[in-house]
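J.: can't give you the sequence, but here's the structure:
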């Protein structure tokens, strides 16, 4: 009889087994079908019958083992209930405590303010089949602060080609920010030179992109066209990619020709001068100065061997263009297939334009160096520096480029600078007399900012007649002219180019064929990534295309004495009222041409410059990157041995002693 009762008790153990089987089948199939529900119900009924059977046995509840088992069961269930409640509260009301010293996992206050004040939904699209843990953690941090207004999604372009086509995805790893109909790229995928790890998604980029895409103000920027500027077209030498990138960022990009329109439009938030191979006329320079005086912003990109006639205007801002070509001998560009005439930059200034670049790479083919000097009312911030292994080369007629301590300038070289001129009610411009020639020179290019330029004296194609002989009379001296526009020339250009040496005069007839690297080649050559030989015609091959037609305007060297400052020279007109204006000067324009624009950080330099120039009232968040404190302990071999002894030997020794004592007392 006891055996039958015992066997009957084992039947009730089928109850938990039936419930486990039903729940497992439901989770595996993902559907609660009648079979799984029936198994769970059968198990529950079996357990209920078992409990009823136990209630009939009065001795069962009175046993001490039953009471102990019941207490243990209730305590276990209570622990599970408490843990469940704690997890529910933690999920419903999450709280994170960042215990790191530098607050590695805490968003900046500026970011938190933007996310808490979101009025419309924004979404980040990450087109990558692999969910990068760092990007995901960053987006989750934004999600916790922004709530339902901030969303993000990882998309595999191969499995969702429609979504990839909607955002025009060309490579894996691209990240876009979307708000309504607006889309803005946050991170590019692989480039022609390979994926750039320095262009990863960061809090700085995402926060500033949120501020920009949520802004209702549309900035209007103008590309200067004509006068030999780079055209907005496809193909080599054009800047269509730069214009398209601005339109993708919802800029109102327009074109402007100062020969047709004598002033910069009032709605111009920024004016972009993408290279220039002909000098500006006095009327055009006057229009540019008037635009800056009323609070305009100018992005000026000047190629080497070019004299735009803006020398005096730039000197009023404390900037002087070096005539020499920047050479990079660091070898960094070799792994990209680039030569020494394409400086590879990894050093940037502390400025909103370059604040998030870190050690990223950008390329500046055929660039000239800049020199700055302090000017009252001008705030100057360097943007781009070459490496220590670079220099400014003055002699480009040799087959082998080597640094000459006498004539060359050792790096690092400044290739880009950002300037801010504060507003004033009545502040005259530099009162230095403008030594405009009073001789009957029909060409406005004979201004002193053009004629003594060392850039033109070094250019064999820019002076195809005995114009080098006029150099002693035009730029001999700081004493002939107190104007700062001519006095620094001996220091900027090597002395052989300032004197009528016999090596200069015959160069116009021999340099196009005998010179392996010449300024005429630099002007015409468009370095493409990677640096390929080009067959584009030389814009300055003919005397008529020369930036300054000295032989035609003044065939005799007697024009220079009349170019000296005279009492009748008109000084710069004082500005009755000037507003705060901005300017960015970069010593090359090829870095934004088609093909170069998408390489590494080149597009970021251009777009950030335009953003800083055109939106001075927009808050640009400067969020310093958080660096983890190095807590590594460097130990000697003896210290490592002692640590191993303390962690292993002493516990084992204590365990052995305890075992010996137990064995003795057993």
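T.: Okay, I see it. Everything numeric here is computed off the predicted structure, so don't read it as measured data. Residues are numbered from 1 along each chain as shown.
J.: mind checking the longest helix of the protein?
T.: Ranked by number of residues, the top helix in the chain under DSSP state H is helix 64-92.
J.: Could you name the helices and strands sitting against that one?
T.: Applying 3 or more C-beta pairs under 8 Å, 6 or more residues apart in numbering; DSSP states H and E, one finds that helix 64-92 contacts no other helix or strand. Quick note: C-beta positions are derived from backbone N, CA and C, even for glycine.
J.: Residue 134 belongs to a helix, doesn't it?
T.: Yes: assessed with DSSP: H, G, I helix; E, B strand; the rest coil, residue 134 lies in a helix.
J.: How about the following helix or strand past the longest helix of the chain, which residues are buried there?
T.: Using DSSP states H and E, the next helix or strand after helix 64-92 towards the C-terminus is helix 109-116. Counting neighbours by 16 or more other C-beta atoms under 10 Å, one finds that the buried residues in helix 109-116 are 110, 111, 112, 114, 115.
J.: which of those residues lies closest to residue 285?
T.: The closest of the buried residues of helix 109-116 to residue 285 turns out to be residue 110 (C-beta to C-beta; 40.3 Å).
J.: Retrieve the pLDDT associated with the closest one.
T.: Looking at residue 110, its pLDDT is 79.
J.: Over to residue 155?
T.: For residue 155, pLDDT reads 92.
J.: so it sits right up against residue 126, yeah?
T.: Yes: contact criterion C-beta atoms under 8 Å: residue 155 and residue 126 qualify, at 6.8 Å.
J.: which one of the two has more residues nearby?
T.: residue 126 (22 against 18; other C-beta atoms under 10 Å).
J.: Remind me which helix or strand the more buried one belongs to.
T.: Element membership for residue 126, per DSSP H and E: strand 122-127.
J.: List the buried residues in that strand.
T.: Applying 16+ other C-beta under 10 Å to strand 122-127 flags 122, 124, 125, 126, 127 as buried.
J.: can you pull out the helices in the stretch 201-350 of the chain?
T.: Ranges of helices in the stretch 201-350 of the chain, per DSSP state H, counting those that start in this stretch, are 203-213, 240-248, 282-293, 311-316.
J.: now the first one and strand 122-127, what's the angle there?
T.: If I follow you right, that is helix 203-213. Interaxial angle of helix 203-213 relative to strand 122-127 (axes from the mean of the first three to the mean of the last three C-alpha atoms, to 10 degrees): 130 degrees.
J.: Tell me the helices and strands packed up against helix 203-213.
T.: helix 109-116, strand 122-127, helix 133-146, strand 174-179, strand 182-187.
J.: quick one: average confidence on that helix?
T.: In this model, helix 203-213 has an average pLDDT of 83.
J.: can you check stretch 242-253 too?
T.: Averaging pLDDT along stretch 242-253 gives 86.
J.: Next, the distance between the ends of that stretch.
T.: One end of stretch 242-253 sits 10 Å from the other (C-alpha to C-alpha, to the nearest Å).
J.: what comes into contact with it?
T.: Residues from elsewhere that reach stretch 242-253 (C-beta atoms under 8 Å, 6 or more residues apart in numbering): 182-185, 212, 218-223, 232, 274, 592-593, 597, 603, 606-607, 610-611, 614.
J.: Out of these, which sit inside strands?
T.: Assigned to strands by DSSP state E, the following of the contacts of stretch 242-253 qualify: 182, 183, 184, 185, 220, 221, 222, 223, 274.
J.: Give me the buried subset of the residues you listed.
T.: 183, 184, 185, 221, 222, 223, 274.
J.: Neighbouring strands - and their directions - for the top strand by length along the chain?
T.: Selection of the longest strand in the chain by residue count, based on DSSP E, yields strand 319-328. Neighbouring strands of strand 319-328 in its sheet, by DSSP bridges, are strand 368-372 (antiparallel), strand 390-393 (antiparallel).
J.: Next, the residues that contact the first one from outside, please.
T.: Applying C-beta under 8 Å, 6+ apart, the contact partners of strand 368-372 are 302-304, 318-326, 380, 382, 392, 409, 413-417, 492, 585, 587-588.
J.: Which of the helices of the stretch 201-350 of the chain sits closest to residue 44?
T.: Checking the helices of the stretch 201-350 of the chain against residue 44 by C-beta to C-beta gives helix 203-213 as the closest, at 51.9 Å.
J.: what's the angle from the closest one to strand 182-187?
T.: Relative orientation of helix 203-213 and strand 182-187, computed by the same axes, to 10 degrees: 160 degrees.
J.: Mind listing what's buried along helix 203-213?
T.: For helix 203-213, the neighbour count (16+ other C-beta under 10 Å) marks 203, 204, 205, 206, 207, 208, 209, 210, 211, 212, 213 as buried.
J.: The second one contacts residue 352, correct?
T.: No: counting by C-beta under 8 Å, residue 204 sits too far from residue 352 to count as a contact (10.0 Å).
J.: OK, contacts around the closest residue in space to residue 328 that isn't next to it in sequence?
T.: Closest residue to residue 328 apart from its sequence neighbours, by C-beta to C-beta, 6 or more residues apart in numbering: residue 343 at 4.0 Å. Residues in contact with residue 343 (C-beta under 8 Å, 6+ apart) are 326, 327, 328, 333, 363, 364, 367, 386, 387, 390, 413, 415.
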